[in-house]
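A.B. asks: Next comes the sequence, and after it the predicted model I'd like to discuss.
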Amino acid sequence: MNEIGNVDAVGVEERAAKYGTRSIKTASKVKGLKLAASMVDLTTLEGKDTPGKVRALCAKAVRPHDDLDCPPTGAVCVYPAMIKHARAALGDKSPVNIASVATAFPSGQVHLRTRLAEVKAAVADGADEIDMVINRGAFLSGEYNRMQDEIAAVAEACGEAVLKVILETSELETYDNIRAASFLAMRVIRQGDFIKTSTGKTSANATLANNQVMLDAIRDHYFETGMAIGMKPAGGIKSAKQALHFLVAVKETLGDAWLTNRRYRFGASSLLNDLLRQLVKMETGAYQAPYTFSEAAGAY
Amino acid sequence: MPRLPISKTPKCYVGGKFIRSESARTFPLNDATGEFFAHMPQCTRKDVRNAVEVAAKAGGGWAGRSAYNRGQILYRLAEMLEPRTAELVNALTLGGATVAEAKKEVAATIDRIVHYAGWTDKFEQILGNVNPVALPHFNFTVTESMGVIGVVAPDEAPLLGLLTCILPAVTAGNSVVVITSETAPYPAIALGEMLATSDLPGGVVNLLSGFRKEMVPTFATHEHIRGIGGVVNAADRKALEIGGAESMKRVKVFNTADAIDWYAGEGPKASLYAIADFLEYKTTWHPVGA
């Protein structure tokens, strides 16, 4: 644990604040917006999800806008019970992956064998990517080996599927803990797997600062081992402007090699709508009303 | 030692807050004698964008209040202006009005607020209807507010004209984004300070000072602005009507060239039909007895 090192909290927050000052205009902005769209894990994780809603989500993921030249999203992200509906909607050769949360998302507070069974069932149903939650209880009580062993067991249960390890940063309390949990996870997952900030189900979500701590951890781990781990901030990223700030953080911390949806994703439900809204603004020059891009129509 | 006077930095009232332009630009405002008076915020299309966002956020809550409560709040605004008559008179004389003219304008403005405060819970009875149909159904027409309305304020009667353009849209339950007069923006700054102490929720009225040529094109094309009111010249009218057709918005403006009597208590300037300019009609069927 000691060799993982500590986080300079003030430095990280200052650096994160600086990302918000970068000016991205015209062609670079369009490129950034489209890149961000291609990185979205278009998400619906609600108790009221229906097969119909998931079908609509999949259609939107494949073709986000009728007129714009906008790439498909990286994935759709659904609950395990919805995987087969997503697979039926997307078919077998879709550019859009199916990500499923598993391991008793969002708390993870069930037996390991139940969690592993859920992962295997999700993969069997056709999930390309599995978003797992770490055992925060084990981490916070100092049972680091147990937390790591569980991640390793889930990685094994994933088989071919990509694994994303959710640290749930808001429950880890400190930047030092986020860095430590990142390293513990990265040491037992595979090239091409991801670490992810949050479930989106707690009050605090992805921020530029905790994103930065995790990007720094990914960079240090890459220099140590040569293994490239992906990153997925999730929850609370609603505007195109925020998304561009996160991309600036990626570019300035990890470089162009991470500016691809194989290594960086946004977990978001409403972000795609705002990206499309800004892309139409860039194309037409006219500011757009949010309700044109949202399922929740209304005068305001 | 003589005391140094503390001069005020005029700021725009947007979203219930006092802002400078996001561009940080200002333009100098002189008084009627040509003496420098203050640096006014020179708002831009991005300030319009931001103001529309906050207007849209505030609009739902404003439209959702009971008509009676909207009337109470507007009446309260008149109460806030009355004791500050002297301040408003000063703001108007700055632009060249005599004290007598300014007093007359302030009084007419306060009366106009009360006029529209009275309309809030009455226009529906006149504009809405139960339509006769030859079926066992009720057929109702009811009014609904439109959303965010852009207002281009006149240069004449900088306080009375401004409020006469804002009030009907607000009475109808809309929120407004206003480009204040270019030549006499200061009364709008003073009004903002009074709006802030009224019970009108922040964001329902948003006042941007600056140049029309920089903001009118954004008014014209912005999809989120549902209607445009106020007073414009021929070129701006054309731009607004073309942009309005593109973005499906209602353009109900007066021409700068027309001599408008802002004091007229009836007619297009102060009436039910000014409220109707920014209302949508919804007609619904309902089975009798169900």
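C.D. replies: It's in.
A.B. asks: Show me which residues of the helix or strand A:V119 falls within are buried.
C.D. replies: If you go by DSSP states H and E, A:V119 is part of helix A:112-125. Neighbour counts using 16 or more other C-beta atoms under 10 Å in any protein chain shown place A:112, A:115-116, A:118-123, A:125 of helix A:112-125 among the buried residues. The way it works is simple: take the backbone N, C-alpha and C, and place the C-beta from them, glycine included.
A.B. asks: which one of those is nearest chain B?
C.D. replies: Sorting the buried residues of helix A:112-125 by distance to chain B puts A:A122 at the head of the list, at 39.0 Å, by C-beta to the nearest C-beta.
A.B. asks: what residue is smack in the middle of chain A?
C.D. replies: Centroid-nearest residue in chain A: A:K232, 3.1 Å away (criterion: C-alpha atoms, centre = their mean).
A.B. asks: Roughly how far does that one sit from chain B?
C.D. replies: 28 Å (C-beta to the nearest C-beta, to the nearest Å).
A.B. asks: And the pLDDT at that residue?
C.D. replies: Listed pLDDT for A:K232 reads 98.
A.B. asks: after the helix holding A:V119, next one along is what?
C.D. replies: strand A:129-133.
A.B. asks: distance between that following strand and the chain's centre?
C.D. replies: The chain centroid and the centroid of strand A:129-133 are separated by 10 Å under C-alpha atoms, centre = their mean, to the nearest Å.
A.B. asks: ok, now stretch A:65-76?
C.D. replies: Here the centre of stretch A:65-76 is set off from its chain's centre by 17 Å, with C-alpha atoms, centre = their mean.
A.B. asks: So which bits of the stretch 1-150 of chain B are right by chain A?
C.D. replies: By the rule C-beta under 8 Å from any C-beta of the partner chain, the part of the stretch 1-150 of chain B lying against chain A is B:49, B:52, B:56-57, B:59-60, B:63, B:144-148.
A.B. asks: returning to that earlier point: which residues touch the helix holding A:V119?
C.D. replies: Outside helix A:112-125, the residues that touch it by C-beta atoms under 8 Å, 6 or more residues apart in numbering or on different chains are A:80, A:83-84, A:87, A:100, A:102-104, A:108, A:130, A:132, A:150, A:153-154, A:157-161.
A.B. asks: what's the longest helix along chain A in contact with?
C.D. replies: If you go by DSSP state H, chain A has its longest helix at helix A:208-225. Residues outside helix A:208-225 that contact it (C-beta under 8 Å, 6+ apart): A:5, A:7, A:12-13, A:15-17, A:19-20, A:167, A:169, A:175, A:178-179, A:182-183, A:186-187, A:195, A:197, A:227-229, A:231, A:233, A:245-246, A:249-250, A:253-254.
A.B. asks: any idea how far A:R15 is from A:M1?
C.D. replies: 24 Å (C-beta to C-beta, to the nearest Å).
A.B. asks: Show me which of the two is the more surrounded one.
C.D. replies: Just comparing A:M1 and A:R15: by other C-beta atoms under 10 Å in any protein chain shown the higher neighbour count belongs to A:R15, 17 against 9.
A.B. asks: Let me know the secondary structure of the more buried one.
C.D. replies: helix (DSSP: H, G, I helix; E, B strand; the rest coil).
A.B. asks: how about it, what does it touch?
C.D. replies: Taking C-beta under 8 Å, 6+ apart as the criterion, A:R15 is in contact with A:Q212.
A.B. asks: same deal with A:K84?
C.D. replies: A:125-126.
A.B. asks: residues touching A:R187, list them.
C.D. replies: By C-beta under 8 Å, 6+ apart, the contact set of A:R187 is A:148, A:221.
A.B. asks: pLDDT on stretch A:138-156, on average?
C.D. replies: Taken as a whole, stretch A:138-156 carries a mean pLDDT of 97.
A.B. asks: if we look at that stretch, which residues are touching it?
C.D. replies: Contacts for stretch A:138-156 (C-beta under 8 Å, 6+ apart): A:1, A:102-103, A:112, A:115-116, A:119, A:130, A:132, A:134-135, A:163, A:165, A:171-173, A:177, A:180-181, A:184-185, A:187-190, A:193.
A.B. asks: run the last query once more with 6 Å
C.D. replies: A:112, A:119, A:132, A:134-135, A:163, A:165, A:181, A:184-185, A:188-189 (C-beta atoms under 6 Å, 6 or more residues apart in numbering or on different chains).
A.B. asks: what about the closest residue to B:K17 other than its chain neighbours, is that helix, strand or coil?
C.D. replies: Counting by C-beta to C-beta, 6 or more residues apart in numbering or on different chains, B:K17 lies nearest to B:G202, which is 6.9 Å off, once chain neighbours are set aside. Following three-state DSSP, B:G202 is assigned to coil.
A.B. asks: from memory B:G202 sits against B:G16, does it?
C.D. replies: Yes: here B:G202 reaches B:G16: they are 1.7 Å apart, a contact under C-beta atoms under 6 Å.
A.B. asks: got the angle for the helix holding A:V119 vs strand A:129-133?
C.D. replies: 160 degrees (axes from the mean of the first three to the mean of the last three C-alpha atoms, to 10 degrees).
A.B. asks: Give the rounded mean pLDDT of helix A:112-125.
C.D. replies: Here the average pLDDT along helix A:112-125 is 98.
A.B. asks: again with stretch B:229-244
C.D. replies: Mean predicted confidence for stretch B:229-244 is 97.
A.B. asks: go on, stretch B:84-93?
C.D. replies: 97.
A.B. asks: who does B:E144 bridge with?
C.D. replies: On the basis of DSSP bridges, B:E144 takes part in beta bridges with B:E280.
A.B. asks: Just give me the neighbour total for it.
C.D. replies: 13.
A.B. asks: Over to the one 10 residues further on?
C.D. replies: Using other C-beta under 10 Å, B:P154 has 23 neighbouring residues.
A.B. asks: residues touching it, list them.
C.D. replies: Contacts of B:P154 by C-beta under 6 Å, 6+ apart are B:161, B:231.
A.B. asks: From A:A243, how far out is it?
C.D. replies: For B:P154, the distance to A:A243 - C-beta to C-beta - is 42 Å.
A.B. asks: Hmm, B:L29 and B:L94 touching each other?
C.D. replies: No: applying C-beta under 6 Å as the test, B:L94 and B:L29 come out as separate, 8.6 Å apart.
A.B. asks: Much appreciated, bye for now.
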